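> what follows is a predicted structure for the sequence shown.
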Amino acid sequence: MTLTLTTLPSEILFQILSHLYAASIHTRPLVSRSFHTLTETYTHHLLSTLRTPASAPYRKSYLAHAATHCTFCSLEGYTAALLHPEISCCPRCDNKVFPKITRDTAAGFYILDKTQLAENCVCSEEGNVFDEVQVRGYAEAVHAEASAYLRAAGDEALRERIEKCVLAAEVMLENWEEGWQGERREEEDEEWEMWEVWRESLVCRREWLEGLGRLYGIPVKEMEETCFSCDGECHCGRNGLRETGRRVGTK
């Protein structure tokens, strides 16, 4: 028996659909009759989980609910994500799920041309705020190509320029990490959550910079393995990501 998408168990199909945002519900039923039925079953399941009264067609009931609630925390009150207006998202989850970076910071830290950055990455209407995850992916592709050229051409002048840019990016990162000392806070505290978002962002930036250094053969100081909660080596087992143990100001 040939395995196709429509013959997969419902549990697996539900898991696949869980990675799609509500906006795609408009088009899913148009694929085929089986997808129409699957969409109805899946949206009925979502409404039951949310304990929201609904009637068939369930996809329309779910779309009405999704239009007024955050996709990630179900908080009521419609607000679109800044860089993804098709997604209903509260400001809190917008900052957490879709990390952002300004144009100048992205160009300086990820060593990218501002014009190419605007042409290849999602940005705000004003063109000054970008999706950092997408910027990071674009930077990886750009630097992979540049490092291959550098190895083939042996252009020492270009290597020196890149080394200066990498060192400048390292200084930027160290300034962020040393922005300001923080006090220990409870997990339920909103300010603690803000720190968690910035801590994860810094970890991703540090790991990317370390990878860039290895790509070009330029030494970059690695982040210390410390825990913010334990003021040093982690004993609580609560922090799964590497941390600097420092409070970080917004940048």
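Done, it's in. Residues are numbered from 1 along each chain as shown.
> burial measure for the nearest residue to residue 66 once chain neighbours are set aside, as a count.
Leaving aside its chain neighbours, residue 66 sits nearest to residue 22 (3.9 Å; criterion: Cβ to Cβ, 6 or more residues apart in numbering). (Glycine included, C-beta is placed from N, CA and C.) Using other Cβ atoms under 10 Å, residue 22 has 19 neighbouring residues.
> what do you get for residue 117?
Residue 117, neighbours per other Cβ under 10 Å, totals 20.
> C-terminal to the host helix or strand of it, what's the next element?
Residue 117 belongs to helix 114-120 when assigned by DSSP states H and E. Sequence order places strand 129-131 as the next helix or strand after helix 114-120, per DSSP H and E.
> quick one: list the elements packing against the strand or helix carrying residue 205.
In this structure, residue 205 sits in helix 190-216 according to DSSP H and E. Packing partners of helix 190-216 (3 or more Cβ pairs under 8 Å, 6 or more residues apart in numbering; DSSP states H and E): helix 91-97, helix 132-153, helix 156-177.
> pick the most deeply packed of those.
Among these, the stretch with the highest mean neighbour count (mean count of other Cβ atoms under 10 Å) is helix 91-97, at a mean of 17.
> need the contact partners of that helix.
If you take Cβ atoms under 8 Å, 6 or more residues apart in numbering as the criterion, helix 91-97 is touched by 70-73, 75, 79, 81-82, 89, 190, 193-194, 197.
> would you mind putting the residues you listed into a markdown table with neighbour count alongside?
A markdown table is the format used below for these (neighbours: other Cβ atoms under 10 Å):
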| residue | neighbour count |
| --- | --- |
| 70 | 22 |
| 71 | 18 |
| 72 | 16 |
| 73 | 12 |
| 75 | 16 |
| 79 | 15 |
| 81 | 22 |
| 82 | 18 |
| 89 | 25 |
| 190 | 8 |
| 193 | 15 |
| 194 | 16 |
| 197 | 16 |
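> least confident of those residues?
pLDDT is lowest at residue 190 among those; the value there is 57.
> count of residues packed around the nearest residue to residue 10 once chain neighbours are set aside?
With Cβ to Cβ, 6+ apart as the criterion, residue 10 has its nearest non-adjacent residue at 7.1 Å, and that residue is residue 41. As a burial measure, residue 41 scores 15 neighbours (other Cβ under 10 Å).
> begin at 54 from now on, thanks
Will do, 54 is the new start, and the previous item becomes residue 94.
> any idea which element residue 94 lies in?
Per DSSP H and E: helix 86-103 holds residue 94.
> helices and strands around that helix, which ones?
Contacts defined by 3+ Cβ pairs under 8 Å, 6+ apart place helix 86-103 against helix 63-70, helix 111-119.
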